[in-house]
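In: Mind folding the following:
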Amino acid sequence: MIDQFKRLFSAPGDTPGDAPEGTPVLPLDDVEHAYCSALLSAGEPLDAPLSDFEERVLGEVGALLASPEAACEALPRLPDVLPRLMKSLRDERASWEEIAHVVGQDALLVAEVLRLANSPCFRAAARITCLEQVVMQLGLVGLREVVVTVSLKPIMQLDGGRYYRQAGRRVWSQALAAAVACRSLAMSRQASRFEAYLAGLVHNVGMVLVVQALQGLAQDGETPRSVQFRERIQPLVKRLSCLVARHWDLPALSVEALRERAEPAAGAPSPLGGILQQGIQLSMLQGLIDDGRLEDPAPYLRSLPEGDRHACEQALSEIEAHARSL
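Out: Numbering: from 1, shown residues only. The predicted structure follows:
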């Protein structure tokens with residue numbers, strides 16, 4: 001199977017000097033295209049004109065992009081406490097008592113925070129039974145990460161019809177994997193850990209809207225099959241995610257990283273923008289491996305500069321650990 005991906009993704013002459021002769025070296029950038037195809041298509045994408053169904057989906061997504069209010073209203077309902085939580089989470093000066101006070105107003109939210117804090121995703125040293133212990137073991141940043149994860153899960157964990165079973169169930173797991181990878185990369189590079197985690201978590205909210213459009217507009221088993229659709233929908237997903245993040249008034253660093261991904265420019269990205277892009281790619285790489293579409297991440301990691309490789313290997317190990325918490 002890896003040979004198939006080598007033919008698809010390898011570039012002529014793309015063999016860094018530290019790779020043994022004959023060893024495949026595959027650019028990590030192309031993982032996103034393969035993952036999007038696997039997520040949205042019933043089969044291999046076809047070199048064909050856009051179908052009427054694909055045109056309808058693109059039209060609906062375009063309408064959402066024209067109205068942040070409509071895009072946010074189309075998402076599953078936000079938990080009642082989320083606006084107040086976001087205000088507290090944006091303020092780095094907010095104490096754990098302030099955050100715990102808001103969380104404590106929703107008993108279900110408290111229970112889910114404690115469940116997630118005890119999961120492999122956060123690796124608590126001992127069992128946590130109250131919000132104070134979350135802070136004692138995971139720190140204030142850890143509390144912020146757990147709370148925002150629990151708050152966004154109902155919005156991004158889809159369920160329902162055929163498209164929801166095929167793609168919707170993967171949206172949340174891949175978003176959480178990206179958040180974990182971004183956190184790991186940020187910690188290895190002394191970057192803003194919470195903002196990186198949050199950007200990774202929110203990067204897939206645009207895909208929630210696309211999956212909902214597919215579900216709502218599909219008739220008689222219609223599926224998106226063309227290469228054109230894949231190429232056009234990917235930048236729209238990125239723009240939608242950035243639009244919603246800005247409308248939710250998320251921290252400026254997180255929104256800027258999402259904007260860089262939605263509006264790529266010449267030159268190197270910002271530190272957080274680079275972390276976000278690489279964390280997303282690693283989460284998609286792991287997703288393809290988990291689905292049996294890839295066998296080994298090594299050819300992709302060999303495409304990275306040596307300094308990045310160890311950090312990415314560590315991030316992949318964190319992703320594998322988090323999968324047990326879903």
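
In: Need the pLDDT of Met284.
Out: For Met284, the pLDDT comes out at 94.

In: Just the helices from the stretch 1-150 of the chain, written as ranges.
Out: Applying DSSP state H, counting those that start in this stretch to the stretch 1-150 of the chain gives helices spanning 2-9, 31-40, 52-65, 68-74, 82-90, 96-103, 107-117, 131-156.

In: between the second one and helix 52-65, how big is the angle?
Out: With axes from the mean of the first three to the mean of the last three CA atoms, to 10 degrees defining the directions, helix 31-40 sits at 110 degrees from helix 52-65.

In: residues making contact with helix 31-40?
Out: Residues from elsewhere that reach helix 31-40 (CB atoms under 8 Å, 6 or more residues apart in numbering): 5, 8-9, 44-45, 167, 170, 174, 207, 210, 214, 224, 229-230, 233-234, 280-281, 284-285, 287-288, 291, 293, 300. All C-beta atoms are positioned from the backbone trio N, CA, C, and that covers glycine.

In: Now that helix: average pLDDT?
Out: 86.

In: List the buried residues in that helix.
Out: Within helix 31-40, the residues that count as buried by 16 or more other CB atoms under 10 Å are Val31, His33, Ala34, Tyr35, Cys36, Ser37, Ala38, Leu39, Leu40.

In: still on that earlier bit, report the buried members of the contacts of helix 31-40.
Out: Buried members of the contacts of helix 31-40, counted by 16+ other CB under 10 Å: 5, 9, 45, 167, 170, 174, 207, 210, 214, 224, 229-230, 233-234, 280-281, 284-285, 287-288, 300.

In: do you know how far the residue positioned nearest the centre of the chain is from His322?
Out: The centre of the chain sits closest to Ala175, judged by CA atoms, centre = their mean, with a distance of 2.9 Å. According to CB to CB, to the nearest Å, Ala175 stands 11 Å off from His322.

In: again, but for Ile280
Out: Per CB to CB, Ile280 is found 15 Å from His322.

In: ok, now Glu145?
Out: In terms of CB to CB, Glu145 sits 12 Å off from His322.

In: quick one, phi/psi of the residue nearest to the residue nearest to the centre of the chain when sequence neighbours are not counted?
Out: In space, and not counting its chain neighbours, Ala175 is closest to Asn204: 3.9 Å by CB to CB, 6 or more residues apart in numbering. Per-residue torsions, Asn204: phi -100, psi 0 (degrees, to the nearest 10).

In: list the contacts for Asn204?
Out: Going by CB under 8 Å, 6+ apart, Asn204 touches Met156, Val171, Trp172, Gln174, Ala175, Ala178, Val237, Ser241.

In: Go again with 10 Å.
Out: With contact set as CB atoms under 10 Å, 6 or more residues apart in numbering, Asn204 has these partners: 152, 156, 170-179, 210-211, 237, 241, 280, 283.

In: Which residues are in contact with each of Ala175 and His322?
Out: Ser283.

In: Show me where the stretch 201-326 of the chain has its helices.
Out: Under DSSP H, counting those that start in this stretch, the stretch 201-326 of the chain gives helices at 205-217, 227-247, 252-262, 271-290, 298-301, 306-322.

In: what comes up buried for the first one?
Out: When you say that, I think you mean helix 205-217. By neighbour count with 16+ other CB under 10 Å, helix 205-217 contains the buried residues Val205, Gly206, Met207, Val208, Leu209, Val210, Val211, Gln212, Ala213, Leu214, Gln215, Leu217.

In: which residues touch the second one?
Out: If a contact means CB under 10 Å, 6+ apart, then Gly206 has 61, 64-65, 71, 171, 233-245, 258, 262 as its contacts.

In: Also the first one?
Out: Residues in contact with Val205, defined by CB under 10 Å, 6+ apart, are 71-72, 75, 152, 155-156, 171, 175, 237, 240-245, 248, 258.

In: one more time with 7 Å, if that's ok
Out: Going by CB atoms under 7 Å, 6 or more residues apart in numbering, Val205 touches Met156, Ser241, Val244.

In: Tabulate those in JSON lines, adding columns for pLDDT and distance to Glu54.
Out: Conversion of the contacts of Val205 to JSON lines gives the following (pLDDT from 0 to 100; distance: CB to CB, whole Å):
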{"residue": "Met156", "pLDDT": "80", "distance to Glu54": "23"}
{"residue": "Ser241", "pLDDT": "96", "distance to Glu54": "20"}
{"residue": "Val244", "pLDDT": "93", "distance to Glu54": "23"}
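
In: Among those, which one has the most neighbours?
Out: Within the contacts of Val205, most neighbours by other CB atoms under 10 Å means Ser241, with 25 neighbours.

In: Pull up the gap between the residue nearest to Ala175 and Arg261, please.
Out: From Asn204 over to Arg261 the distance is 12 Å, taken as CB to CB.

In: which intervals of the stretch 1-150 of the chain have sub-threshold pLDDT?
Out: For the stretch 1-150 of the chain, the stretches flagged by pLDDT under 70 are 1-23, 42-43, 77-83, 86, 89-92, 123.
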